[in-house]
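[1] when you get a sec, could you give me coordinates for this:
(chains A and B)
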Amino acid sequence: MLVSSTIIESNKSFLIYRRFDGNQTVHIPVSNNQELSPVQIVAQAKQETGYEIVPVAEALGLNSTDISSCLTVEVGDSVKLGSLLAEQKKLFGRARHITSTVEGTIAEIVEGNIFISRAPDDVNLRALVSGRVVDVIPNTGVAIEVQGSRLQGVWSNGLESAGRLLIQSDASDTKATRATLDGDLYRSIIVLGQIDDPKLLELFAEAGARGVIAGTASAELYHAAADWGLPLILTDGVGSGGMYSAMFQLLSENSGKDVALFNGKYSLTGRPEVIINKRPETEDGITYHTSRLKRADPAIGQTVRLLTGEKRGRNGTIVKLHSWPMQTPSGIKAEGVDVELDSGELFFVPFANLDIIM
Amino acid sequence: MIKEANSEDHVEQTQELSTFLLVDVGESQTTALLIKNVAGYCRLISRAMVKSTHKAPHNNAADGVLEAIQKLEWFGNQKILNQDKDLVMHTRQPGRGIDKFLISISMEQVMNTVVVAPTVDDPAVESAVHLLQRFSSTLDRLLTGANTRNLSENIVWMADNRPDLVLIVGSDARGNGMRDRIVQAAKAVGAGMRQFSEPYRPEVIYAASGHWTEDVAAALDIGDKLQTAPNLRPDARHERVKPVRKMIEEVVRRNHLARIPGLTEIMRWSGETPYSRNEGLAIFARFQAALVNGPILILDLDVNGLTMVYAKPKFTDLIVRTDLGLGSNLSETVKSLNLQMLSPWLSGYDNPENAAAALHTHFINRSIFPHSISQEKKEMDLDLTLLQALLSKGVKEASAAWGLDEDAPLTVNRLFVRGKILEMTGEEDSLILMLLNALQLQGECELFIDPHNAMALLGGLLEQEPEAAVDVIEADAFLNLGWLVGVSGRGRKGKDAVSISLFDDDSSEPLIKRDIARGELVSVGIPPNKLAHATVHYRRIGLSNTKKLEDIEGLKARVWIDARGRPAVLPDDCMDEWEHLDPK
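    Take a look at the predicted model:
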């Protein structure tokens, strides 16, 4: 039985992949066994930046079929800013010139228009974490061995960043308001129990924050976050329950440390991840064990959280595995387990609503 | 092909096939069915369902297929895999081996498509858009030569957006200028495509007038990337869908299915080429429409989309709405729904604003946790409203393609439902009321549910082993929930709407006779283990106002009468309680 599982782990070593999708030409300026800092560039790619269209026929007052004698470039030529594209000679040695307004390559000349493919921009992929390169994947990126703590979210807006972990909630279910914010938000990854007000996102961006980790958010904030320019990870979903207590505790214990937010596109589980990173120069005496990446099957004694319903986000332990589908109060029959919550409450939870904490 | 076959027991394929393994790899679930010939009839022996494994952390669809088969071995007491996990084929030993393996695939990867036509209002555009909906394809852009000022913009768009498929359509029946226009549009396509390096160039299918082929090919200038099909819509009254459909199927197979992690491994391992679940569903729908000689509807909701198949004798139409699935798109779909309008269907909220807010939150959480199950009544109500909204939107918007009026109640002889619709509704009462509310069904309709995910698989089997497939369809595959009766028109609440008399086939005396008033919801049970029939007498409908419902049988079959009238009017009709009548 394959059941959802979430990694919450501290003092482990694990791999982080920093890579492009393989559709670009990628330069990798680091090598195996190299120690990395978060700001270090680990892969560089060229990103196409679109086209500039120069309406040559219109500019010269000619029909599109009559411009060939005026053209000074052909498809495939490289041009720089100011390069001559077309020249219309006039009487007494005078001439009219059309020049390029961008650097790039002549892509097409169609219907009197010159299409210049703009020179691609360099896109730099930074490590975002301290660690050691353990694998260089040609034309793609690197795998970095990282030591520290990690937890997985359930949703992210797809962006990535790194900064200083800043707890801005006094409890896992505290709702963020302007009044609850305290301290310098600059370069910080802000941790909140729950957040409802989309205006806070603007405030965070103006204050120079680097991103947000929240337990739950309102539906309005969810939509606003999808278009926000900074990363946001939700650990529990949309609603008002706040953050799963074990995650809030782990984050609180690491307040002030370096943290990176990954969107999960290239993680082994496909889930967004929060990495609290140990700096290589820190001699903290902690032993870092290798992370267990394998998914866990449900078993008696296992810690779980509930993904949905009024008890969403609550912590419990599996006390019984059912061999046959059981009926829920809503009338749906499903395979699942009996879970005893920390409060002592015991009830049936379908596998589909269960999240095994690893 | 690696298949174990004991030489002594090996049976030539010309002999009768008696054991079938059918596997469907879906976006969320992988299903395996074992069908065996028992005493001359094929029967569904066992079924196994596991989570599909084509995504992280497994990234290999083959893992889920093997897990499902192993589960099936255990449930069905049939040895299917040998020690090396290869299929055991063609043995005649009891409980060992299979004779036929079929696999269907449904992982809807949205294909981005450009349609090129001479003008926006060319009838071929409608045909093309409709055809593409069968392939979970979205029309990203319609390029026409009608407005040459857009040429530059079109070239840039092509280069920037890199579509997967370009479909060129159009008819020369509309005059001389059409050739120039489509050539103009083709130039934009060709110029845009040349910006892609060879592996990333989209496939181009030309299905427009045969008179323009050479001119368009010259304008495109893309060499062997161009495939030519007969004109999709030679004139306003004729369509030739099949050849183009085949070509698109091939594009999907080559470019999309091949990208599913583990699929190549499954093909190598089994020696079988998977067919699309949609193909199987369409075959199954055609069979059912022919069987009842009337319209039938299949609804299948999954994480990645809502699939609807509407079939009548000599007409089958399949539409996949990837925007109406339960996955990440749902958070976008919710923006296009009027949640305030939906809120009267929910009870237990102080005001419509609170109900709309609860719906909004629930819809987004569903998109984050599409596989979760509602445990409490309150969650279930939200799920039912969500399902109602998605199904209603999907069917209404498909009506025109089926030649129906989108505002009129729907009339079908049979309705089949499967997938998340069943997982999310639980009890029959909730499921049936949700379907009646969503579809506004009118007249009499037999309802079947597909708990084994068998429709598409049996569609595939219908093509290859029709007798085996028909045996299973008739006997085991579906759960018959009986007849839904939707009373048409509006009337004063409390006035007589319909009367029902239920008989068992051994007696002429009715077991139950009941007058049902406008506004009531009544279900009538049948005697256990007996064949029953019912007569439904509609009041004030006209001369032919009595209908006979024949051969009602099955453990769960009932007659469900919705006398609220059509269309349902809120808040009067948002009731959620059935009155159940059962024979003594």
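[2] so which residues on the stretch 51-200 of chain B come close to chain A?
    Within the stretch 51-200 of chain B, the positions near chain A by Cβ under 8 Å from any Cβ of the partner chain are B:51, B:53, B:55-57, B:148, B:151-152, B:155-156, B:159-160, B:187-188, B:191, B:194-195, B:200. Backbone N, C-alpha and C define where each C-beta goes, glycine included.
[3] contacts only, for B:Gly327.
    With contact taken as Cβ atoms under 8 Å, 6 or more residues apart in numbering or on different chains, B:Gly327 is in contact with B:Val303, B:Asn304, B:Ser367, B:Pro370.
[4] and the contacts of whichever strand or helix holds the third one?
    Here B:Ser367 is covered by helix B:352-368, with elements defined by DSSP states H and E. By Cβ under 8 Å, 6+ apart, the list of residues contacting helix B:352-368 from outside reads A:154-155, A:218-219, A:222, A:234, A:237-239, A:308, B:326-331, B:333-334, B:337, B:339-340, B:342-344, B:346, B:349, B:372, B:379, B:382-383, B:385-386.
[5] now do the helix or strand following it against helix B:352-368, angle only.
    Next helix or strand after helix B:352-368 toward the C-terminus (DSSP H and E): helix B:377-398. For helix B:377-398 against helix B:352-368, the angle between stretch directions is 80 degrees (axes from the mean of the first three to the mean of the last three Cα atoms, to 10 degrees).
[6] just the buried residues of helix B:377-398, please?
    Under the neighbour-count criterion of 16 or more other Cβ atoms under 10 Å in any protein chain shown, helix B:377-398 has B:378-396, B:398 buried.
[7] centroid residue for chain A?
    Computing the C-alpha centroid of chain A and ranking residues by Cα atoms, centre = their mean puts A:Asn263 first, at 2.6 Å.
[8] so it sits against A:Gly158, correct?
    Yes - the pair A:Asn263 / A:Gly158 is scored as a contact, 4.9 Å apart, by Cβ atoms under 8 Å.
[9] which SSE is B:Leu555 in?
    Applying DSSP H and E, one finds B:Leu555 in no helix or strand.
[10] next one: B:Ala282
    helix B:277-292.
[11] what about dumping the CA coordinates of that helix to CSV?
    Output of helix B:277-292 as CSV, limited to C-alpha atoms (Å, rounded to 0.1, in the frame of the first residue of the first chain):
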residue,chain,number,x,y,z
ARG,B,277,-8.1,4.4,-22.2
ASN,B,278,-10.1,6.8,-24.3
GLU,B,279,-10.1,4.4,-27.3
GLY,B,280,-11.4,1.7,-25.0
LEU,B,281,-14.1,3.9,-23.5
ALA,B,282,-15.3,5.0,-27.0
ILE,B,283,-15.6,1.3,-28.1
PHE,B,284,-17.5,0.5,-24.9
ALA,B,285,-19.8,3.5,-25.4
ARG,B,286,-20.6,2.5,-29.0
PHE,B,287,-21.4,-1.0,-27.9
GLN,B,288,-23.8,0.2,-25.2
ALA,B,289,-25.5,2.7,-27.5
ALA,B,290,-26.1,0.0,-30.0
LEU,B,291,-27.4,-2.3,-27.2
VAL,B,292,-30.0,0.1,-25.9
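[12] which residues touch the next helix-or-strand element following that helix?
    Sequence order places strand B:296-301 as the next helix or strand after helix B:277-292, per DSSP H and E. With contact meaning Cβ under 8 Å, 6+ apart, strand B:296-301 is reached by B:281, B:284-285, B:288-289, B:306-312, B:324-326, B:387, B:390-391, B:394-395, B:410, B:412-421, B:439, B:455.
[13] same question, stretch A:20-32
    By Cβ under 8 Å, 6+ apart, stretch A:20-32 touches A:36, A:40-47, A:123, A:125, A:133-136, A:138-142, B:200.
[14] now the buried members of those residues.
    Using 16+ other Cβ under 10 Å as the burial test, the contacts of stretch A:20-32 include A:36, A:40-45, A:125, A:133, A:136, A:140-142 as buried.
[15] and B:Ile561, how many neighbours does it have?
    B:Ile561: 28 surrounding residues under other Cβ atoms under 10 Å in any protein chain shown.
[16] helix or strand right after the lowest-mean-pLDDT helix or strand in chain A?
    The helix or strand of chain A with the poorest confidence is strand A:289-290; it has a mean of 71 (mean pLDDT, DSSP states H and E). Counting by DSSP H and E, the next helix or strand C-terminal to strand A:289-290 is strand A:303-306.
[17] what pairs with the following helix or strand past that next one, and is each one parallel or antiparallel?
    Remark: after strand A:303-306, the chain's next helix or strand is strand A:315-321, criterion DSSP H and E. Strand A:315-321 has its sheet partners listed here by DSSP bridges as strand A:303-306 (antiparallel), strand A:336-341 (antiparallel).
[18] mind listing residues that contact the shortest one?
    Spelled out, it's strand A:303-306. Identification of contacts with strand A:303-306 by Cβ under 8 Å, 6+ apart yields A:6, A:244, A:298, A:312-318, A:337, A:339, A:349, A:353-357.
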